[in-house]
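*Asks:* prediction below, plus the sequence it came from.
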Amino acid sequence: MTTATIDTDLVGRGARDGGRLFREWFEDLTNVAEQEKGAAYVFVMGSLTELLKTFGFPVVFPEITSLQTAVRKCSDEYLSLAEDHGFSPDVCGYVKADYALQLRKGDHPMGRIPPPSVAVLTNACNTYFKWAEIWERMYDVPTLAVDVPGSRESPGQRELTAEGFERDRKYVEHQIVEMIPTLEKVSGNKFDIDRLRETLRLTNEMGRSWRRVLSLNRGTPAVFDAMMEGTIYLGVANALRGTRGGADYFRDLEEEMEYKREHGISPLVDQEEKHRLAFVGVPCYPIFRRFYQLFAEWGGVFSSSTYMWFASSGLNLDFEYDLDRPLESLAEGVYRSVSHAMDAMLFHEKALIQAIDDFNLDGVVYHPIKSCRTVSTSLADSRREVLENRDVLGLYIESDMMDKRVVSEAQLKNRIDAFFEGLDSRKLRKGREA
Ligand code: SF4
């Protein structure tokens, strides 16, 4: 298909609309902050957004506001301010950027972020607890923690019995029910189960399209890059979860990706897809576009990523809320999504091996980062296991998602170039053998 015949209104719409919706979301938060009102703070993994939206809370995702300071190239100002207040350089960069954001009265490169009036967290990452304690100390706001059971063993070794699963689900449900009086008190609104049902229904719609979009990337060429466009889609999936705007966005995105699949349109510009890759970890946001280009210039496309698994709050799972039992089903969704997110960070090797087969991958890129121990844990072991089981190449590069002091573009480029030279020569050799 020539460039002239491509429907340019359709191709690229997801990235354009995603950027617009994201800016509007920040504008809404700025309006809340300017009215001196607070918001509900919640984390991406196990977000419980549907419940918070039921009470009419504006919702802030502090991981997203923090990472945007890096994408907007000013995270160093925030990190330095937090370190001046005693935070160690190796503490999670998201926490430090958020702490500095609070000191700066919500001043953010995309607007102004309201302070928390309540915070909701799960145990998906241990840092969440220490982070929420900061808001507790700064603002004396209620922080509501939901303890979600994780996998007892590496996935696939021993599955929970139906009774065990139900016990875990109920454990989560009781904690969610216990949160409701506090949310009613802080918001001033009574809990309305029909409103919850509606937000869950919209998340179901969003999830159906999201899973279809993910599955379309199994074909060749891929229809989007899971690290570049995938991060935009993830932002919308989290910020607009449980809303009409979010569900419509993903329905449109599905239409765009179907079109790209039908016409064989790759996300690469002026370049053919040569190598299909999986990305493990969190992207390097301080040089986000350049980081992407270092792979794209060699015809490398990320067809899949563990980020899309652990940061979509379960949207990638084949699960829909049962609207006849909203609270019970919300608890099941939180239980499934958080334990899946923990597995996707800590025990992803089996899922990666499966992805190598499903997405027909040539290589896996591991990106451990200095300031997030949680997603960087055990990546070297994972690489060994994956390479022992599949004939792919692995690349292991270290930098950070926030702190440009530990990002060396020249070193990254050297390693990435050598990786692609290896992939190119394997392709040539295999072609000759064939
Ligand atoms: S998962 Fe990593 S980046 Fe996210 S809060 Fe935990 S330590 Fe920070």
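*Replies:* Yep, that arrived.
*Asks:* drop to CA atoms for contacts and neighbour counts, all remaining ones
*Replies:* OK.
*Asks:* center of the chain - which residue?
*Replies:* Centroid-nearest residue in the chain, with Cα atoms, centre = their mean: Ala311, separated by 2.8 Å.
*Asks:* check the burial of the residue of the chain found nearest the ligand by counting its neighbours.
*Replies:* Across the chain, no residue is closer to the ligand than Cys372, which sits at 3.9 Å (Cα to the nearest ligand atom). By other Cα atoms under 10 Å, 21 other residues sit near Cys372.
*Asks:* now swap in Lys185 and tell me
*Replies:* Using other Cα under 10 Å, Lys185 has 10 other residues around it.
*Asks:* quick one: secondary structure of it?
*Replies:* Look at Lys185: counting by DSSP: H, G, I helix; E, B strand; the rest coil, its state is helix.
*Asks:* how close does it sit to Val301?
*Replies:* If you measure Lys185 against Val301 using Cα to Cα, to the nearest Å, the figure is 48 Å.
*Asks:* about what we covered before: just the pLDDT for the residue of the chain closest to the ligand.
*Replies:* Here the pLDDT value assigned to Cys372 is 91.
*Asks:* please report phi then psi for it.
*Replies:* phi -130, psi 90 (degrees, to the nearest 10).
*Asks:* since we're on the spatially closest residue to it that is not a sequence neighbour, how many residues are nearby?
*Replies:* Leaving aside its sequence neighbours, Cys372 sits nearest to Cys92 (Cα to Cα, 6 or more residues apart in numbering; 5.4 Å). By the criterion of other Cα under 10 Å, Cys92 has 23 neighbours.
*Asks:* 30 is where my numbering starts, stick with that
*Replies:* In the new numbering, first residue 30, that becomes Cys121.
*Asks:* correct me, but Cys121 touches Val404?
*Replies:* No - Cys121 lies out of contact with Val404 (Cα atoms under 8 Å); the separation is 11.0 Å.
*Asks:* ok, the residue nearest to Cys401 - contacts?
*Replies:* The contact partners of Cys121, taken as Cα atoms under 8 Å, 6 or more residues apart in numbering, are 156, 400-402.
*Asks:* cool, Gly43 as well?
*Replies:* Applying Cα under 8 Å, 6+ apart, the residues near Gly43 are 262, 278, 281-282, 285.
*Asks:* in terms of helices and strands, where is it?
*Replies:* helix 42-63 (DSSP states H and E).
*Asks:* buried set for that helix?
*Replies:* Within helix 42-63, the residues that count as buried by 16 or more other Cα atoms under 10 Å are 43-44, 46-48, 50-51, 54-59, 61-62.
*Asks:* what's the following helix or strand after that helix?
*Replies:* strand 68-71.
*Asks:* hey, C-alpha coordinates of that next one in CSV?
*Replies:* C-alpha atoms of strand 68-71 as CSV (Å, rounded to 0.1, in the frame of the first residue of the first chain):
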residue,chain,number,x,y,z
ALA,A,68,-8.4,14.2,44.7
ALA,A,69,-8.2,10.5,45.3
TYR,A,70,-4.7,9.2,44.8
VAL,A,71,-4.4,5.6,43.6
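*Asks:* who are the packing partners of the helix or strand following that strand?
*Replies:* With elements assigned by DSSP H and E, the helix or strand that comes after strand 68-71 is helix 78-83. Applying 3 or more Cα pairs under 8 Å, 6 or more residues apart in numbering; DSSP states H and E, one finds that helix 78-83 makes contact with strand 88-89, helix 222-245.
*Asks:* redo the contacts of Gly43 as JSON lines? Include neighbour count and secondary structure.
*Replies:* As requested, the contacts of Gly43 are exported to JSON lines (neighbours: other Cα atoms under 10 Å; DSSP: H, G, I helix; E, B strand; the rest coil):
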{"residue": "Tyr262", "neighbour count": "23", "secondary structure": "helix"}
{"residue": "Tyr278", "neighbour count": "24", "secondary structure": "helix"}
{"residue": "Asp281", "neighbour count": "17", "secondary structure": "helix"}
{"residue": "Leu282", "neighbour count": "25", "secondary structure": "helix"}
{"residue": "Glu285", "neighbour count": "21", "secondary structure": "helix"}
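*Asks:* near the ligand too, which of these?
*Replies:* Applying Cα under 6 Å from any ligand atom to the contacts of Gly43, one finds that nothing falls near the ligand.
*Asks:* turn the residues you listed into a markdown table, including pLDDT and distance to Trp160.
*Replies:* Output for the contacts of Gly43, formatted as a markdown table (pLDDT from 0 to 100; distance: Cα to Cα, whole Å):
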| residue | pLDDT | distance to Trp160 |
| --- | --- | --- |
| Tyr262 | 95 | 26 |
| Tyr278 | 98 | 31 |
| Asp281 | 98 | 36 |
| Leu282 | 98 | 34 |
| Glu285 | 98 | 38 |
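*Asks:* circling back: of the contacts of Cys121, keep whichever come out buried.
*Replies:* 156, 400-401.
*Asks:* distance from stretch 41-61 to the middle of the chain?
*Replies:* 17 Å (Cα atoms, centre = their mean, to the nearest Å).
*Asks:* swap in stretch 318-328?
*Replies:* 20 Å.
*Asks:* show residues contacting that stretch.
*Replies:* Against stretch 318-328 from outside (Cα under 8 Å, 6+ apart): 256-257, 297, 300-304, 313, 330, 442, 445-446, 449.
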